[in-house]
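>>> everything below, folded, please.
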Amino acid sequence: MKKQYDVAVIGAGAIGTSVAYHLCKAGLSTVLLERGDIASGSSSHCDAVGLICDKLPGIDTKMGQASIDYFGELAKEFEYDFEYTPKGCLYICETEPEFEAASRYCALQNKDGYALRMIRNKELCQMEPHIAKDLYGALYTPSSGSVAVNPYRLCFAFTYEAEKLGLEKYTYCNISKINLDEKTNAVQSLETNYGTIHTKRIVNCAGAWAPFVGRLTGLKIPIEPRKGTNLVSEQTPRLCNHKILEYGYMMSKFDSIHFKRKVSPLVEEQNIAFNLEYTNSNNLLVGGNRLFRDYDIRSEVETMKAICERALRFYPELADIKCIRTYSGVRPFVTDHLPIVSDVDSIPGYYIAAGHEGDGICFSPITGKFMMQIITGQKTDFDISKLDFSRFSA
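Numbers count the residues shown, from 1 in each chain. Just a heads-up that it's a prediction; the model follows:
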């Protein structure tokens, strides 16, 4: 084992592997440390899409679009195929009040230059022949703002391409201590089951588990695990042509958006927001929800019932399709719904790239690029001061 690295990246999900790739591309000797295997955490327990229409106007959407554009570049550049597929997205509005609310959101995004548009019932039914016929309309996002990738393959693609540039990785790596300089409090080394790793810089990319890495230096990182569940269908003929979300997804994601849906107590209690998409193998992913259950990723029966109930409201033909399995995972939740992508003033050499909640896959390319720019002293592509860790100490 090599003993000295320019940077140690902790966590090998989509964010960590992207950070490692970009650091290696910049010429820094980098080691990637993962407590399990590559993509064994949230990145293997999620869906597979990058969108701008599920993000708040401003930096949230700007990062999403920058990352979506970057995915296209990486798909051409990478030898490893991560199943990049541009696809449109429909944000379904069940009622006229939802349509009006989505129209106001669309207008804000149009003002910032994003090509979203509203469609009414007739066009919706033409675009999606199998959808329920009584829905009011939808917000449409073209493929320029909506892409699909394979989360597993994305993590392995970043790792594979980084290894060609000199990345070293250690899976099933337990970090017992982070050593800091007694006088400056700067990062010095890490103690692991593989031995001592000497480095002046570490990047905490542990996602929902970032707080545990923070505690090794006495750092309190305000990230909580927020659980989500997906159902997986048998392989089917095409039931939908786009990525499908209901307007309630915005409500389930952002507590600042208050809108009362006419749903059953079970759907409301489980915080269900219907979403639907196909995998490259023609299985349907049917979701989903957001709940605080600590780190328990067991699929709950009541959640599955509620997802099915909500799914049948939008696509009645799902009743004839078998569910073959279900899975749950945790998202790294931050109260202001923005990730942390910055250094830590109190610990020189300590960086954080975590807290992306449901946007880790989507934001992974641009986050990796930003972290490389921060560490190498370059100016980031655009102002990301809102993502600074210092916002929690103000």
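>>> distance between stretch 189-206 and the chain's centre?
Relative to its chain's centre, stretch 189-206 lies at 25 Å (Cα atoms, centre = their mean, to the nearest Å).
>>> give me the mean pLDDT for that stretch.
Per-residue pLDDT over stretch 189-206 has a mean of 97.
>>> got the end-to-end distance for it?
End-to-end distance for stretch 189-206, by Cα to Cα, to the nearest Å: 18 Å.
>>> kindly report the same for stretch 75-84.
6 Å.
>>> show me what it is in contact with.
By Cβ atoms under 8 Å, 6 or more residues apart in numbering, the residues outside stretch 75-84 that reach it are 48, 71-72, 74, 147-150, 153-154, 156-157, 160-161, 280. Every C-beta, even on glycine, is put in place using the N, C-alpha and C of the backbone.
>>> most neighbours among these, please name it.
Neighbour counts for the contacts of stretch 75-84, by other Cβ atoms under 10 Å, peak at residue 154, which reaches 28 neighbours.
>>> which residue, other than its chain neighbours, is closest to that one?
In this structure, residue 154 finds its nearest non-sequential neighbour in residue 82, 4.4 Å apart by Cβ to Cβ, 6 or more residues apart in numbering.
>>> mind checking how far the one you found is from residue 153?
Separation of residue 82 from residue 153 (Cβ to Cβ, to the nearest Å): 4 Å.
>>> grab the nearest non-local neighbour of residue 155.
Closest to residue 155 by Cβ to Cβ, 6+ apart is residue 39, at 3.8 Å.
>>> next, count neighbours for that neighbour.
Quick note: residue 39 (other Cβ under 10 Å) scores 24 neighbours.
>>> measure it to residue 82 for me?
Counting by Cβ to Cβ, the gap from residue 39 to residue 82 is 11 Å.
>>> near residue 260, how many other residues are there?
So residue 260, with other Cβ under 10 Å, has 8 neighbours.
>>> now list whatever residues contact both of residue 39 and residue 82.
In contact with both residue 39 and residue 82: residue 156, using Cβ under 8 Å, 6+ apart.
>>> so which residues of the stretch 151-300 of the chain form strands?
With strands called from DSSP state E, counting those that start in this stretch, the stretch 151-300 of the chain shows them at 168-170, 175-180, 187-192, 195-199, 202-204, 224-235, 243-246, 272-278, 283-289.
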